[in-house]
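Engineer: pasted the sequence and its predicted model underneath.
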Amino acid sequence: MKDGVNGVALGVFVFFFLAVTVMGFLAARWRKAENEASLDEWGLGGRSFGTWVTWFLLGGDLYTAYTFVAVPAAIYAAGAAGFFAVPYTILVYPLIFTFLPRLWSVSHKHGYVTTSDFVRGRFGSKGLSLAVAVTGILATMPYIALQLVGIQAVLDVMGVGGGENTHWFVKDLPLLIAFAVLAAYTYSSGLRAPALIAFVKDGLIYLVIAVAIIYIPIKLGGFHDIFAAAQEKFAGPPGGKPTGSLAPGEAGQWGYATLALGSALALFMYPHSITATLSSRSRNVIRRNTTILPLYSLMLGLLALLGFMAIAAGIDVENGQLAIPQLFENMFPDWFAGVAFAAIGIGALVPAAIMSIAAANLFTRNIYKDFLRPDATPEQETKVSKLVSLLVKVGALAFVLTMDKTVAINFQLLGGIWILQTMPALVGGLFTRWFHRWALLAGWAVGMVYGTVAAYGVQSSTQKHFGGSSAQIPGIGEIGYIGLTAFVLNVVVTVVLTFVLNAAKAPAGTDETSPADYTADAGDPGVQVELPPVTAGAPAIR
């Protein structure tokens, strides 16, 4: 690590940060609506984004600073096991092609802003809706915190904030400034701010990865030398225990596969993923995006290779999250290191903004309006959502400043276990009304309790509890992803209780949707969309 502040890199970083800050505030005038005092406008950008805006917004939403830092950091620490992120992002797109267009259609038809809105309307259950909302908020909070961790990692490598003996306020002042700017333009511009900034963020990330994947291997002697250095490190000292591998061993295959599958199922259960989806202007925009978003998976595969490069470059850091920023500082000229740091920093601002908006929308629509103020006007909803988005970011900032960074990462892993338990209600409800609302609630509770208790019992070298997201699978004996095991238990309980409750003729609740709602399309502006006719006598998918 270079001594002192890297002035050139810092100057470039500040330039890009100021540029996106201006863009964030100007976004309030971009696609300006006549009535801005509604969640449709502030929280969903007026549901007006086309294919490319949605593509950049979803990419900026899903491929975060945490992705940029943590995926290659996992490769740096343990080898190929960290590549699980690549197959799971490949698995997720065929999956979402089947249900996201249906969710968009029914949400557009009924004005749903959140997944909990849909669950309440589909099953006639405020209790189930509340469970989905609370889960979404809890799962999102540590995710926002990790974006701030990404910014902090970049600032640390640039030497900003002083050393360990520096007063905490001086040390954390740059992060506080970044937080204040993020909070201000999100409050002012809503979802339009991250949508506009996402163009810069994704452009910088693609540029940095394209340069890194060519420039760094040339400086390190080629990929043969890079993989040889990684193999030597993972083999461990002579006679010692291996620390990783270039390919997952047989013992780790269950963990690798279940983590990839469970992560794929969970990704679009997160509120921020749905918020970006519902901001698009038609169901065809969603379908097109599921076919072009895999370009980000290609980028992610190249990004993961940076972990091997950090090993070959001799990067030695106690905190693995600093490995890639440190690699950039050591290998790139100072000016381009600043570009790379800006990519990571802006890569944190975009998703953090969307996540805070999504969490605020859940609170406003499914807690404040449903339980506290049923007669709230659209203007009041928007005002509350803006205020809650600030509180969510304050909570995430407090989490980062008061807790160890490893804790933040592990709580984000716990959030993934939790959010997966909302899938039966959301995705199941998009295709069938057969599931009983009480059975879904019971299945959710079983999955949440099992997942939390199992994760609590996982230890790591730094934590006695919540040290990871993998544990022994009951009845199989293999180590696998806790979230997927909890999900299976969730589904089993839901199915069994649905049979019982339907047989007992328990009140099923009122479904306010109809089969035609799930294929409705607003159409592109100026284009008349003709839906295919329904064959007479064909069974409706509900």
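Structural biologist: Great, that's in hand.
Engineer: downstream of the host helix or strand of I137, the next helix or strand is which one?
Structural biologist: Using DSSP states H and E, I137 sits in helix 126-158. Following helix 126-158 in sequence order, the next helix or strand is helix 168-189 (DSSP H and E).
Engineer: from F83, how far off is the nearest residue to Y518 once chain neighbours are set aside?
Structural biologist: Computed as CB to CB, 6 or more residues apart in numbering, the closest residue to Y518 that is not its neighbour in sequence is R102, at 4.5 Å. (Glycine included, C-beta is placed from N, CA and C.) Distance of R102 to F83, computed by CB to CB, to the nearest Å: 31 Å.
Engineer: equivalent analysis for V495, please.
Structural biologist: From V495 to F83 the distance is 34 Å (CB to CB).
Engineer: the two - which one has more neighbours?
Structural biologist: F83 (21 against 17; other CB atoms under 10 Å).
Engineer: quick one, what contacts the more buried one?
Structural biologist: I75, G301, A304 (CB atoms under 8 Å, 6 or more residues apart in numbering).
Engineer: following element in sequence after the helix or strand the second one falls within, please.
Structural biologist: Assigned by DSSP H and E, G301 belongs to helix 294-304. Read in the C-terminal direction, the helix or strand following helix 294-304 is helix 306-312, with elements assigned using DSSP H and E.
Engineer: next helix or strand past that following helix?
Structural biologist: helix 323-331.
Engineer: for the stretch 1-150 of the chain, what spans make up the strands?
Structural biologist: Using DSSP state E, counting those that start in this stretch, the stretch 1-150 of the chain contains no strands.
Engineer: ranges for the helices of it?
Structural biologist: Under the criterion DSSP state H, counting those that start in this stretch, the stretch 1-150 of the chain contains helices at 7-26, 39-42, 51-62, 65-78, 85-110, 115-123, 126-158.
Engineer: which of those comes out lowest on mean pLDDT?
Structural biologist: When the helices of the stretch 1-150 of the chain are compared on average pLDDT, helix 65-78 comes out lowest at a mean of 84.
Engineer: for that helix, give me every contacting residue.
Structural biologist: For helix 65-78, using CB under 8 Å, 6+ apart, the contacting residues are 81-83, 85, 143, 146-147, 149-151, 153, 205, 243-244, 300, 303-308, 310-311, 315, 320-321, 323-325, 343-345, 347-348, 351, 409, 412.
Engineer: how much does that helix deviate in direction from helix 323-331?
Structural biologist: For helix 65-78 against helix 323-331, the angle by axes from the mean of the first three to the mean of the last three CA atoms, to 10 degrees is 90 degrees.
Engineer: how far does helix 65-78 sit from its chain's centre?
Structural biologist: 15 Å (CA atoms, centre = their mean, to the nearest Å).
Engineer: per-residue confidence averaged over stretch 490-499?
Structural biologist: Across stretch 490-499, the per-residue pLDDT values average to 98.
Engineer: CA atoms only: put it into CSV for me.
Structural biologist: The C-alpha coordinates for stretch 490-499 follow below in CSV (Å, rounded to 0.1, in the frame of the first residue of the first chain):
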residue,chain,number,x,y,z
ASN,A,490,-41.2,-23.7,3.6
VAL,A,491,-42.7,-25.2,0.5
VAL,A,492,-43.5,-28.6,2.2
VAL,A,493,-45.3,-26.9,5.1
THR,A,494,-47.2,-24.6,2.6
VAL,A,495,-48.4,-27.6,0.5
VAL,A,496,-49.4,-29.8,3.4
LEU,A,497,-51.3,-27.1,5.2
THR,A,498,-53.0,-25.9,2.0
PHE,A,499,-54.4,-29.4,1.6
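Engineer: would you mark the buried spots in that stretch?
Structural biologist: N490, V491, V493, T494, V495, L497, T498 (16 or more other CB atoms under 10 Å).
Engineer: got these as a markdown table, with secondary structure and distance to A28 columns?
Structural biologist: Formatted as a markdown table, the buried residues of stretch 490-499 follow (DSSP: H, G, I helix; E, B strand; the rest coil; distance: CB to CB, whole Å):
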| residue | secondary structure | distance to A28 |
| --- | --- | --- |
| N490 | helix | 41 |
| V491 | helix | 43 |
| V493 | helix | 46 |
| T494 | helix | 43 |
| V495 | helix | 47 |
| L497 | helix | 48 |
| T498 | helix | 46 |
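Engineer: looking at this structure, which helix or strand is least sure?
Structural biologist: helix 168-189 (a mean of 81; mean pLDDT, DSSP states H and E).
Engineer: next, the buried residues of that helix.
Structural biologist: 171-175, 178-179, 181-183, 185-189.
Engineer: against which helices or strands is it packed?
Structural biologist: helix 7-26, helix 126-158, helix 192-220, helix 334-363, helix 378-402 (3 or more CB pairs under 8 Å, 6 or more residues apart in numbering; DSSP states H and E).
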